[in-house]
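In: Next comes the sequence, and after it the predicted model I'd like to discuss.
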Amino acid sequence: MAYISASVYVPEAMTNINVELLFPTDGLLVDGRYEVKGVITLLHGLYGSGKDWMQLSAAGRYAYDRGYILVCPSCGNSFYNNMVYGPPMYSVITEHLPKQLDLIFRIPRDRERNHIAGLSMGGYGAMRIGLLNPDRYASIGAFSGALNAAAMIRAAAGSQYRSFFTPIFGENLDVPDDADLLKIIPEAAARGKELRQRILVTCGRQDEENYHIHSQNRVFIDAARKAALDVSYREWDGVHVWNVWDRSLVEFISFIENSDYDTQERKNWIEDAGRHPAGS
C-alpha cells in the first residue's frame, strides 16, 4: 500500500491543491500497471481537509482490503462551488485536478470504476458533482450530506452565517440552479439508462442541531424517489460524528460492489469489541 500526501499545482485555477492519495499497490500487475477495483473520491466536510478521511476514519484500511484507490482533495469551505470570491473549486474537482492526477499518477478515469462520496458539506459536493457529471461517476455517496443546502443558504441571509456563504455565492446569496440539488434531480431523472447512477444516502437519525441535516436528507430522498432515481437510503441512531461516516463508507463500498462487505465488517467490530471490552 502506498500513501501519498501531495500538493498539486492546478494551472487553470492558479493555485495548489493538497490531496491525499492511497494506492493498494499489492494488486496484480497487468501490462506494467497495478490492476485496481476502482477509484473512490472522498470529499471532506466544513472546516475539514482531505487528511480527515485518512486520520479520523479507517478509510485507508477499507480501500486496501477491497483494492480501491482513494483520492481525498482539500477544498476549503468552498461547498465545492466555483466561488464568487475564491477559487473555482467545482471546476478544479471535475476537470483540472483529475487531469493533473492522470498525468502524474495514471489514475483510472473510466466511468464504471469511478465513484464519489463525501460527508456533510462534502456529501452535498459529491451529490452535486456526481449528478452533474454522470459520464464520470458510476456511483454517488452522501453521508450526513447538506442535501437541501440551497434552502439552508437562503435562510442564512438574515443570520450570522451570511458572512460564511458570501464568498461562495456573492452578496445576494444567489444560488444558481445547478447548485440546488432539488433542481438538478429532474434533469438527472430524464437521462437514458446508460447514464443512470446508483446513489447511496446515509444519515444519523438525531442529526438535526444547527443545520437540520436529517430533515435535509428526508427532503432530498422524497424528491429523488418521486423522480424515480436509483437511490437507497439508510439511517441509524447517531449525530454529526465520525462513527456515522466511517460506517457509511463501509456501507458505500458494499453498495458499489453489491457485496456483503458491510456485514463482514460489522461482524469484525462486534468480535473485536468482545475481545477488548470497555475498561479492559
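Out: Right, received. Where do you want to start?

In: what's the burial count for the spatially closest residue to Ala63 that is not a sequence neighbour?
Out: If you skip the residues right next to it in sequence, Ala63 has Leu70 as its closest partner in space, 4.8 Å away by C-beta to C-beta, 6 or more residues apart in numbering. For glycine as for every other residue, the C-beta is placed from the backbone atoms N, C-alpha and C. As a burial measure, Leu70 scores 23 neighbours (other C-beta atoms under 10 Å).

In: Helix, strand, or coil at Leu70?
Out: Under DSSP: H, G, I helix; E, B strand; the rest coil, Leu70 falls in the strand class.

In: just checking, it touches Leu21?
Out: Yes: using C-beta atoms under 8 Å, Leu70 is in contact with Leu21, at 6.6 Å.

In: and the residue nearest to Ala63, what are its bridge partners?
Out: Under DSSP bridges, the beta-bridge partners of Leu70 are Leu22, Ile40.

In: Pull the contacting residues for it.
Out: Shown in contact with Leu70 (C-beta atoms under 8 Å, 6 or more residues apart in numbering): 20-22, 39-42, 53-54, 59-60, 63.

In: What pLDDT does the model give it?
Out: pLDDT, Leu70: 97.

In: likewise His276?
Out: pLDDT, His276: 51.

In: go on, Tyr161?
Out: Looking at Tyr161, the pLDDT reads 78.

In: Can you give me the first-to-last residue distance of stretch 39-47?
Out: Stretch 39-47 stretches 24 Å from its first residue to its last (C-alpha to C-alpha, to the nearest Å).

In: List of residues touching that stretch?
Out: Outside stretch 39-47, the residues within contact range by C-beta under 8 Å, 6+ apart are 50, 52-53, 59, 63, 68-75, 77, 80, 93, 107-108, 113-123, 125-126, 129, 249, 252-253.

In: now His212: how far from Glu251?
Out: Look at His212 and Glu251: by C-beta to C-beta, to the nearest Å, they are 22 Å apart.

In: neighbour-wise, which of these two wins?
Out: Per other C-beta under 10 Å, whichever of His212 and Glu251 has more neighbours is Glu251, with 21 against 17.
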